[in-house]
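> can you look at this prediction? I've put the sequence above it.
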Amino acid sequence: MSKRNSAKYKLDRRMGENIWGRPKSPVNKREYGPGQHGQRRKSKISDYGLQLKAKQKLKGYYGDVTEKQFKRSYTDAAKMKGDTSQNLIGLLERRLDAVVYRAKFAPTIFAARQLVSHGHVRVNGVKCNIASRRVNPGDEITLGSKAQEMALVLEAQGLSERDIPEYVTPDGNAKVTFVRVPTLDEVPYPVKMEPNLVVEFYSR
């Protein structure tokens with residue numbers, strides 16, 4: 001499991017957006033960047049800057065995955081048939097930690113990754129502690145019995161700020177089925193994601 005080096009809300013401040021839609025995000029009060037000169041950082045951004053920001057925002061949304069993992073997702077998406085940007089979103093949504101987050105088993109993507117890495121999640125009945133594992137349509141994701149009683153799991157299931165999307169079908173409170181790979185417009189991002197700019201960034 002890769003270590004998250006920066007506080008998750010710093011990413012919100014840096015991007016100037018509440019990228020997870022969390023009510024406690026500082027961006028809800030201050031829409032400028034962090035630090036002493038945060039309010040003076042509104043200069044015009046170059047095309048490269050826009051592409052980089054789109055990449056950092058998407059990468060950050062999925063728990064600030066490592067550059068190596070994120071670029072591998074792009075490379076795999078580019079090899080697939082169809083639109084590379086749609087393929088990239090599909091691959092990111094197939095990550096096991098992302099499915100755990102979508103299932104409302106965890107309040108944040110970071111907590112979802114921790115649940116997986118600590119061995120609390122099963123895929124088709126088999127324990128899996130690899131957060132980047134790609135889930136396939138039809139796979140069943142279940143929580144272990146200990147995890148079902150955890151405070152963070154109970155907190156997540158009570159959150160009103162997000163719903164379980166249609167491509168993840170719940171069966172009770174501890175089991176979901178990943179029904180299909182979603183398209184960009186099906187993914188419930190709280191802010192606008194621009195995977196097309198991410199594709200442009202890597203294909204320069």
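In hand now; what should we look at?
> quick one: low-confidence ranges for the chain?
Under the criterion pLDDT under 70, the flagged ranges of the chain are 1-43.
> let me know how buried Asn124 is, in neighbour terms.
Applying other CB atoms under 10 Å, we find 12 residues neighbouring Asn124. (Each C-beta comes from the backbone N, C-alpha and C, glycine too.)
> ok, then the element right after the longest helix along the chain?
Longest helix in the chain by number of residues, with DSSP state H as the criterion: helix 47-61. Using DSSP states H and E, the helix or strand that follows helix 47-61 in sequence is helix 67-79.
> need the contact list for the residue most central in space within the chain.
Taking CA atoms, centre = their mean, the centroid of the chain lies closest to Tyr62, which sits 2.7 Å from it. Neighbour list for Tyr62: Phe70, Leu92, Arg95, Asp97, Ala98, Ile109 [criterion: CB atoms under 8 Å, 6 or more residues apart in numbering].
> show me what the third one is bridged to.
Looking back up the chat, that one is Arg95. With DSSP bridges as the criterion, Arg95 is bridged to Arg134.
> please parse this protein into its domains.
Recorded structural domains for the chain (assignment: the TED database) are 8-92+187-203, 95-185.
> Asp97 versus the residue nearest to the centre of the chain, what's the distance?
8 Å (CB to CB, to the nearest Å).
> now Phe70
Distance from Phe70 to Asp97, by CB to CB: 13 Å.
> those two - which one has more neighbours?
Legend: neighbour count by other CB under 10 Å for Phe70 and Asp97, higher for Asp97 (27 against 21).
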